[in-house]
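A.B. asks: Just the structure for this:
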Amino acid sequence: MEIFLAIVVASAVIFFGVLISMGNERQRKALDGLREQIVLWAVQDLKIKREGLARDVRVKDPVHWLNEVSRKAAGRELGLQIVEVFDEPQAIVCQASKIGATIIFSPLSPKEVKVQISTGKGKLDVLRTHPLHQYSPHWVVYEMSVLNAGILFDIELTLAWQALTGREIDGAEVLFMYIQG
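C.D. replies: Prediction:
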């Protein structure tokens, strides 16, 4: 009798354990679906807000704008002054008075710069005077995008780059900030 009672209790515990596990799994799936819906809603809400703001985007002072986005990315005030503009590959060389360093802004990623330098056939090889030709892994590089430089960064970048250089920017989604060091 005791063995029978022990088997019934063990079976009941196992049965309730299975029911709880099934309930937890169903609840997990429901929460995953809810999380997915919230993410989709947030993205759509961001798109709507961005679309409304994008119509009124103006960059009145491109140097001030460049100072602001670089401050957001680097986390400190740099006090940028433009020194020189390069067309191929596109780059803006600035002097950062607050940190005493030369900073280069370019749409070229460090990976693209390394490839152009190493192959010897890139635009950087032709222009040995280009500041990115001396690129080194010791340089500090920041990637600026809508994630760290503002919700309208890509739109403002196109306008500011045009005002600063007189040319359209290639790959207007991100801008890399190279700090020589």
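A.B. asks: Now for this protein, the helix or strand with the poorest mean pLDDT.
C.D. replies: helix 123-126 (a mean of 53; mean pLDDT, DSSP states H and E).
A.B. asks: And the very next helix or strand once past that helix, what's buried?
C.D. replies: Using DSSP states H and E, the helix or strand that follows helix 123-126 in sequence is strand 140-144. By 16 or more other CB atoms under 10 Å, the buried positions in strand 140-144 come out as 142, 144. Just so you know, the C-beta spots here come from the backbone N, C-alpha and C atoms, and that holds for glycine as well.
A.B. asks: same deal with stretch 133-141?
C.D. replies: 133, 135, 139.
A.B. asks: Check stretch 96-112 too.
C.D. replies: Within stretch 96-112, the residues scored as buried using 16+ other CB under 10 Å are 96, 103-108, 110, 112.
A.B. asks: want to throw these into JSON lines with pLDDT and distance to residue 58?
C.D. replies: As requested, the buried residues of stretch 96-112 are exported to JSON lines (pLDDT from 0 to 100; distance: CB to CB, whole Å):
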{"residue": "96", "pLDDT": "85", "distance to residue 58": "25"}
{"residue": "103", "pLDDT": "86", "distance to residue 58": "24"}
{"residue": "104", "pLDDT": "86", "distance to residue 58": "26"}
{"residue": "105", "pLDDT": "89", "distance to residue 58": "20"}
{"residue": "106", "pLDDT": "87", "distance to residue 58": "24"}
{"residue": "107", "pLDDT": "86", "distance to residue 58": "22"}
{"residue": "108", "pLDDT": "84", "distance to residue 58": "27"}
{"residue": "110", "pLDDT": "81", "distance to residue 58": "31"}
{"residue": "112", "pLDDT": "83", "distance to residue 58": "30"}
